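Q: Sequence below, structure please.
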Amino acid sequence: MSAALLLAAALTAPVRGQESVVPKNIEAAFAEKYPKADDVSWEELDEVYIASFLDGDYYCDAYFDKAGNWMETSTIIDEADLPEAVVAGVKAKYPALDYFTSIVQSERPEGRLYYLGFERGYDYITVTVDAAGTIQDEIVESFDGND
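A: I've put the predicted structure just below:
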């Protein structure tokens with residue numbers, strides 16, 4: 001999934017898709033992984049089932065394939081919850097950065113990534129950072145200030 005698509009999916013509530021009946025194997029996999037989830041709603045989108053829910057104070061989207069395998073969970077988090085290494089990695093490249101306008105934590109079977117958005121002049125920048133603080137990807141979108 002590209003960073004922009006993930007960020008858009010995480011920030012769009014509810015996810016646009018077809019409301020569906022969730023197969024029992026997927027419901028069971030979700031309940032096992034997130035037994036304390038609250039306010040759960042489901043969508044089916046392109047052969048993937050997406051559970052949108054609250055986990056404590058955080059809004060999350062968990063993605064499962066049709067076999068019931070967990071694929072990813074995206075969570076909108078606060079800047080205070082970012083690991084210090086992640087903040088340090090981004091600020092090493094952007095030392096004048098004051099704050100992030102969007103923060104999404106992506107947990108996957110292969111590890112955790114962070115998608116951080118911020119503005120610099122007339123650019124909106126989204127960086128993908130691993131848990132060690134290494135920037136994996138960067139997307140720059142420019143606007144002319146009249147948007």
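Q: and the chain, what are its domains?
A: Listed by automatic domain parsing, the domain ranges of the chain are 3-71, 79-142.
Q: Show the end-to-end separation of the last one, please.
A: The one in question is domain 79-142. Start to finish, the residues bounding domain 79-142 are 24 Å apart (Cα to Cα, to the nearest Å).
Q: Likewise for stretch 96-111?
A: Separation of the first and last residues of stretch 96-111 by Cα to Cα is 29 Å.
Q: Redo the domains of the chain as TSV? Include mean pLDDT and mean neighbour count.
A: Using the backbone N, CA and C atoms, a C-beta is placed for each residue, glycine as well. As requested, the domains of the chain are arranged in TSV below (pLDDT from 0 to 100; neighbours: other Cβ atoms under 10 Å):
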stretch	mean pLDDT	mean neighbour count
domain 3-71	82	15
domain 79-142	95	15
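Q: so L113 touches T128, yeah?
A: Yes: in this structure, L113 sits in contact with T128. The criterion is Cβ atoms under 8 Å, and the distance is 5.7 Å.
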